[in-house]
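Undergrad: Dropping the sequence and predicted coords here.
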Amino acid sequence: MLAILLFHTESYVAGEALIPYYLYIGDALVIFFYLSGYLIFRSEGFSLRHKMRSILHRLVIPYLAFTTLMAIPKALAHGIALSSNTVQLLVESIVLGQASWFVAALIVAELIFALILHVSRENIWAVVLTAVLGLPTSLFVSRHGGECSVWQLNQALLALSYLALGYSIHRMKKTLSLQREWNRTNQKKGILFPLRFFFLNGARKQLCPPLKVMMSIAALATLMIIKGLERKSGGNFILCPLQISDGVLFTADSLLSIFLTTEVCQGLEQLRLHKDTAFNSLEAITRRLLWLLEHTGRQSLVYYFFCGGIPLLVSRTLPHIGLAYDGSYGIILLAFALVYLITGILADLCYRYCPQLVGNKSRETTT
């Protein structure tokens with residue numbers, strides 16, 4: 001979500017995106033879809049009724065509430081004169097899912113995926129087929145049928161692939177965890193059990209850290225090569241409107257980004273869960289930053305609704321206090337810090353005083 005804030009801050013303060021869109025924005029959005037799918041899996045089993053209520057409270061109500069409340073202020077900030085025709089267009093954009101394309105696409109994708117899980121009874125092959133077909137179907141429809149702006153169907157089909165991927169990874173990790181637990185507690189230790197236990201538990205733990213480091217380095221190097229190829233191709237890799245020139249490059253890019261982000265998050269999680277006292281001030285600062293990032297992640301949906309309005313207001317305010325953009329990226333960083341601070345305060349106020357507005361009916365996050 002910080003990447004989205006930075007993109008909009010650059011766009012409003014400098015008048016353009018200084019860091020190219022293809023370098024990080026598409027990856028950030030795809031990772032959000034992946035994490036949403038990851039959280040859909042529940043070890044106690046999938047419930048369509050529970051998921052429908054979750055989509056309503058966690059996505060639909062916030063979408064309707066925030067887009068309605070911000071429609072007129074956003075129109076005025078962009079210099080659009082209010083009239084009956086303007087109001088009608090604003091209402092149409094909200095009803096048709098055009099006021100916030102990302103949230104609208106996520107709503108449709110989660111609805112479709114929930115129905116697939118319910119009808120197939122969580123059949124893993126149905127999930128895998130969804131993951132494989134979602135992205136190419138989206139690209140095919142976009143290229144041959146045009147952009148469907150009604151509830152962002154094209155983007156929803158793309159999101160469907162990453163929802164299914166996230167769900168599959170979480171389900172696979174849970175299955176492997178149960179298998180390892182069974183290996184530890186199995187009482188029928190036959191003659192081959194010690195050897196099996198060693199390879200599935202002992203040797204795996206010894207080999208995984210260096211292997212993971214090597215895999216991460218190789219993935220990062222490959223990702224940099226792919227980014228270079230994307231730049232050299234001169235094609236588009238934009239999600240809204242859906243303009244992806246090379247589906248193979250986009251797929252490889254997104255999968256490597258997901259892998260690297262997952263590895264980094266797992267490493268940071270191990271640091272956060274470390275029980276010993278912080279060895280130095282650097283580790284203490286790192287843990288505070290991790291808490292801040294985790295806190296931002298919990299409120300990411302509200303951050304997204306504010307990611308356009310707050311950067312716009314900050315960009316309009318800075319020139320009046322002698323901090324107009326003059327080509328120095330320091331101004332962008334200052335504006336970004338202000339955007340992050342103001343957005344964080346507003347998000348906290350929403351979650352504290354209007355929990356129903358953001359789908360936070362209780363302390364526990366429902367998925």
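TA: Here it is on my side, so go on.
Undergrad: residue boundaries of the helices in the stretch 251-367 of the chain?
TA: With DSSP state H, counting those that start in this stretch as the criterion, the stretch 251-367 of the chain has helices at 281-298, 300-306, 309-317, 329-353.
Undergrad: Kindly tell me how buried M172 is, as a neighbour count.
TA: The criterion is other C-beta atoms under 10 Å. On that basis, M172 has 12 neighbouring residues. Backbone N, C-alpha and C define where each C-beta goes, glycine included.
Undergrad: before we move on, what about the one 3 residues further on?
TA: Here the count is done by other C-beta under 10 Å, and T175 has 11 residues near it.
Undergrad: Quick check: which element contains it?
TA: Assignment of secondary structure by DSSP states H and E places T175 within helix 153-185.
Undergrad: Name the residues of that helix that are buried.
TA: 153-171 (16 or more other C-beta atoms under 10 Å).
Undergrad: Would you mind checking which helix or strand in this structure has the lowest mean pLDDT?
TA: Of all helical and strand segments in the chain, the minimum by mean pLDDT, DSSP states H and E falls on helix 193-197, at a mean of 48.
Undergrad: picking up where we left off before, so how far is the helix holding T175 off the chain centroid?
TA: Counting by C-alpha atoms, centre = their mean, to the nearest Å, helix 153-185 is centred 16 Å from the centre of its parent chain.
Undergrad: can you check stretch 294-301 too?
TA: That offset, for stretch 294-301, works out to 10 Å (C-alpha atoms, centre = their mean).
Undergrad: quick one: contacts of that stretch?
TA: Applying C-beta atoms under 8 Å, 6 or more residues apart in numbering, the set of residues contacting stretch 294-301 from outside is 1-2, 32, 58-59, 62, 103, 272, 303, 344, 347-348, 350-351, 358-359, 365.
Undergrad: repeat that for 10 Å
TA: Contacting residues not belonging to stretch 294-301 are listed as 1-2, 4-5, 32, 35, 58-59, 62-63, 66, 100, 102-103, 106, 265, 268-269, 272, 303, 306-307, 340, 343-344, 346-348, 350-351, 358-360, 365 [C-beta atoms under 10 Å, 6 or more residues apart in numbering].
Undergrad: What subset of those is buried?
TA: Neighbour counting with 16+ other C-beta under 10 Å marks 1-2, 4-5, 32, 35, 58-59, 62-63, 66, 100, 102-103, 106, 265, 268, 303, 306-307, 340, 343-344, 346-347, 350-351, 358-360 as buried within these.
Undergrad: Run through the helices of the stretch 51-200 of the chain in chain order.
TA: Taking DSSP H, counting those that start in this stretch as the test, the helices found in the stretch 51-200 of the chain are 61-77, 84-95, 101-120, 124-145, 153-185, 193-197.
Undergrad: Which one of the ones you listed lies nearest to L312?
TA: When the helices of the stretch 51-200 of the chain are ranked by distance to L312, counting by C-beta to C-beta, first place goes to helix 61-77 at 5.6 Å.
Undergrad: Could you check the angle the closest one makes with helix 329-353?
TA: Taking axes from the mean of the first three to the mean of the last three C-alpha atoms, to 10 degrees, one finds that helix 61-77 is oriented at 130 degrees with respect to helix 329-353.
Undergrad: hang on, the earlier thing: the helices of the stretch 51-200 of the chain into a markdown table, with extra columns for distance to A219?
TA: Compiled in a markdown table, the helices of the stretch 51-200 of the chain are given as follows (distance: least, C-beta to C-beta, whole Å):
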| stretch | distance to A219 |
| --- | --- |
| helix 61-77 | 34 |
| helix 84-95 | 39 |
| helix 101-120 | 26 |
| helix 124-145 | 19 |
| helix 153-185 | 15 |
| helix 193-197 | 30 |
